[in-house]
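A.B. asks: Here's a sequence, model it:
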Amino acid sequence: MLSVKLPSSLTSLRPELVALAVGALATLWLRFRALGAKERALLARTRRPSQSSSNGKLLPLAGTRVATEWLVRSEFLPNVSYHFKRAAMLKTAKIDKLMVVTDFDATLTTGKSIQCHDLVGFSPLMSQAFRDEFAPLLDWQSNAAIDGVEWWDTAHALMVKHGQPQRQTLPRMVREAKMEWRAGALDLLERLAALEVPVLIVSAGLTDVIEEFLRQARNSAQFMRAQIPAPRNSRARSSAQFSSPTPPLPRPPQHSAWTENISICSNRLNYAADSVPSSIAPTPPITSFTKATAYSASSNFFKQHAARSTIVVMGDSCSDIDSAVNIPYEHMLSIGFLNDKPMLDAAKYAQTFDALVLGAEGSLAGVDALLDDIVAGPSPVASPTKANGVSPFEAAV
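C.D. replies: The predicted model follows:
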């Protein structure tokens, strides 16, 4: 057995940080092994004899620098477990076996977006009496009594007490909120709907807010900005240089992201025939600490999709993985969204999830690439994703 003696500088670190570093190195090695022969050759050519500095030292090949950055700088960071689980999954992968279980706040939305309960508490559309009484629950830094399941009980009791939010204010409240889709989220949901892949959103937020956000997805300013036509070349041109007037922004499709394949397991406001909430279900509520109840709370969903045994789980909290704890499965991959959490949290996330999405604006491109692999059907491990059919190695040469 190979014995490796770690330097004393490493042995003094916390074990989870060492595990994260080792996992990152292993990920780079597995990525290198997945490269094609041409790409490996380019990576190996680290120096070009014809290029030298004034002191006689050889300068690095430009293509190698770009290739190395492509290997290391990525917002999607798979752990060692991701590679092995993905390889096993793709041996028998079929799209009609796939199911997605995902969190909502800071997962499908960006890490800097306002979250469901905060949206209600801070909204100027709510009554001043409600906002005054709800404010201490939003004081995360100085109020030590706001953590735990009791927080949801208190928050929901105040919403019922003050009759907030009123049904008719929900569309405007969501429309004016600083809540934005994570990059790639809308495209991913659209693909999953087209492929008839069931999606279960398990959230400690509010069902009514999530549904309204899904309904308004294709009419949001964020979506309209994403549809602005790209310039025909990299040079900026004035309007006078166009032979015809700049085309108007395309109209968004007349449908929302709230599609039939999506189910939501969260806290629903019960309006009944009234315009104010009379209660909030379920009891006890869905919280960050009780997501393991999703399997029983959404029993009809899982009964309907019992034949689907390949699961992708996504979330921005380590407890989000609990949403799948009771689901029977053959293959499961978990993706955690680190957002702006510190490095010490990254070590814990790396132990909990099979892959990490880094940064509050980190995209869902890595999840979309995994979906590509599953759609392709049973196959060997795929090579790293290429942009427009050309890898960064080839583009740099």
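A.B. asks: Could you use CA atoms for every contact and neighbour count after this?
C.D. replies: OK.
A.B. asks: now the strands for the stretch 101-250 of the chain?
C.D. replies: 199-206 (DSSP state E, counting those that start in this stretch).
A.B. asks: Could you list the low-confidence segments of it?
C.D. replies: 141-147, 218-250 (pLDDT under 70).
A.B. asks: can you give me the helices for it?
C.D. replies: Assigned by DSSP state H, counting those that start in this stretch, the helices in the stretch 101-250 of the chain fall at 116-122, 128-134, 150-162, 170-175, 185-194, 207-215, 221-226.
A.B. asks: Distance to Lys348 and mean neighbour count added to those, as CSV?
C.D. replies: Shown next, in CSV, are these (distance: least, CA to CA, whole Å; neighbours: other CA atoms under 10 Å):
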stretch, distance to Lys348, mean neighbour count
helix 116-122, 25, 19
helix 128-134, 32, 15
helix 150-162, 25, 17
helix 170-175, 33, 16
helix 185-194, 25, 17
helix 207-215, 28, 20
helix 221-226, 32, 13
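A.B. asks: who wins for proximity to Val80 among those?
C.D. replies: helix 185-194 (24.4 Å; CA to CA).
A.B. asks: Can you say which of the helices of the stretch 101-250 of the chain is nearest to Ser81?
C.D. replies: helix 185-194 (23.3 Å).
A.B. asks: quick check: angle from that closest one to strand 199-206?
C.D. replies: With axes from the mean of the first three to the mean of the last three CA atoms, to 10 degrees applied, the angle from helix 185-194 to strand 199-206 works out at 130 degrees.
A.B. asks: quick one: helix 185-194 to helix 207-215, angle?
C.D. replies: Using the same axes, to 10 degrees: helix 185-194 against helix 207-215 is 90 degrees.
A.B. asks: Can you tell me how far Phe109 is from Asp103?
C.D. replies: You called it Phe, but residue 109 is Thr. 10 Å (CA to CA, to the nearest Å).
A.B. asks: of those two, who's got more company?
C.D. replies: The neighbour count for Thr109 versus Asp103, taken as other CA atoms under 10 Å, is higher for Asp103 (27 against 22).
A.B. asks: That one contacts Ser203, correct?
C.D. replies: Yes. The criterion here is CA atoms under 8 Å, and Asp103 meets it with Ser203 at 5.4 Å.
A.B. asks: so how many other residues sit close to Glu361?
C.D. replies: Glu361 has 20 nearby residues by other CA under 10 Å.
A.B. asks: and what of the one 3 residues further on?
C.D. replies: For Leu364, the neighbour count with other CA under 10 Å is 22.
A.B. asks: Contacts only, for the closest residue in space to it that isn't next to it in sequence.
C.D. replies: Distances taken as CA to CA, 6 or more residues apart in numbering put Gly184 closest to Leu364, at 5.1 Å, once the chain neighbours are dropped. Counting by CA atoms under 8 Å, 6 or more residues apart in numbering, Gly184 touches Ser363, Leu364, Ala365, Asp368.
A.B. asks: Next one: Gly184 from Ser334, what distance?
C.D. replies: Distance from Gly184 to Ser334, by CA to CA: 17 Å.
A.B. asks: And for Asn79?
C.D. replies: 10 Å.
A.B. asks: Name the residues contacting each of the two.
C.D. replies: Joint contacts of Asn79 and Ser334 (CA under 8 Å, 6+ apart) are Asp354, Ala355.
A.B. asks: now the strands: where do they sit in the stretch 251-397 of the chain?
C.D. replies: 262-270, 279-281, 310-315, 331-339, 355-358.
A.B. asks: Save those strands as CSV, and put in mean pLDDT and mean neighbour count too.
C.D. replies: Formatted as CSV, the strands of the stretch 251-397 of the chain follow (pLDDT from 0 to 100; neighbours: other CA atoms under 10 Å):
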stretch, mean pLDDT, mean neighbour count
strand 262-270, 97, 22
strand 279-281, 95, 17
strand 310-315, 97, 24
strand 331-339, 96, 24
strand 355-358, 94, 24
